[in-house]
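Novice: Dropping a prediction and its sequence here:
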Amino acid sequence: MIINTENNIQFVKENGYIKLPSILTNEEIVDLEKNCIKLLNESPEQYIHTETDFVKVISINQVSVQDNEAFGFLNKFFKNQELIEFVKKYFETDEINISKIFVQESSNTGEEVDVLPYKMHFDKTRYLKFMFYIRDVGPGDGAITFAKKEWNNELQKELLKKQALKEENVVEINDESQIEELQGPAGTLVVFDTNVSHKAGQVLTDNKRLIIRVDTTTI
């Protein structure tokens, strides 16, 4: 996993997000998919963040990994020095924290919705997030979408001046040329700053999206 380069860090600082292909090997992808499905099927109830007929999310912190052997495969993310150094250099401080790791499988609900988190928004609480695609994410498979640099920077200057921001602040983008949906094969990594306007992807195909998301922040 080679992600910690000055070019990658600078690109995220300037644009708010980056897509890095082929970060995971085929062997790692197969192993992670097996372990993620086992975790989703067998996780104790206290670690279930969301569970419906169409989405299940497991939320794990570093203490949980130490306490439960079934979570051990996630140590490669909590302890990955490449990822940790990326976060330190991005925030320009050693005082950083990997707050949680989320394992999520999503499927088609049978209808397209226009509600959070599927509306363009930015977050009041700032995180640098690492989203690993464990399965292919093609058209309609729930790819994450971002506002492009030229549009987003001007909008953020105005919105971040506002008082009493909500935790998630919805923004409207009517120009489709100003957004970018990041599709990619299994093994793709998307790194993004939650200050950038973004929206979650909704699964509209028969495929099931499987991702691992690592949330990091400053202390």
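Specialist: Yes, it's here. Numbers count the residues shown, from 1 in each chain.
Novice: Can you find the helix or strand in the protein with the smallest mean pLDDT?
Specialist: helix 149-159 (a mean of 65; mean pLDDT, DSSP states H and E).
Novice: what about residue 104, helix or strand, and which?
Specialist: Secondary structure from DSSP states H and E places residue 104 in strand 96-106.
Novice: quick one, longest helix in this protein?
Specialist: helix 26-42 (DSSP state H).
Novice: avg pLDDT for that helix?
Specialist: Average pLDDT, helix 26-42: 96.
Novice: can you give me the angle it makes with strand 96-106?
Specialist: 80 degrees (axes from the mean of the first three to the mean of the last three Cα atoms, to 10 degrees).
Novice: Pull up the gap between the most centrally placed residue in the chain and residue 200, please.
Specialist: Averaging the C-alpha coordinates of the chain gives a centre point, and the residue nearest to it by Cα atoms, centre = their mean is residue 131 (3.6 Å). Residue 131 is 10 Å from residue 200, where distance means Cβ to Cβ, to the nearest Å. For every residue, glycine as well, the C-beta is placed using N, CA and C.
Novice: Can you identify each of the strands in the chain by residue range?
Specialist: Ranges of strands within the chain are 17-20, 48-51, 55-60, 96-106, 121-123, 128-133, 145-147, 168-170, 179-181, 189-193, 198-199, 209-218, based on DSSP state E.
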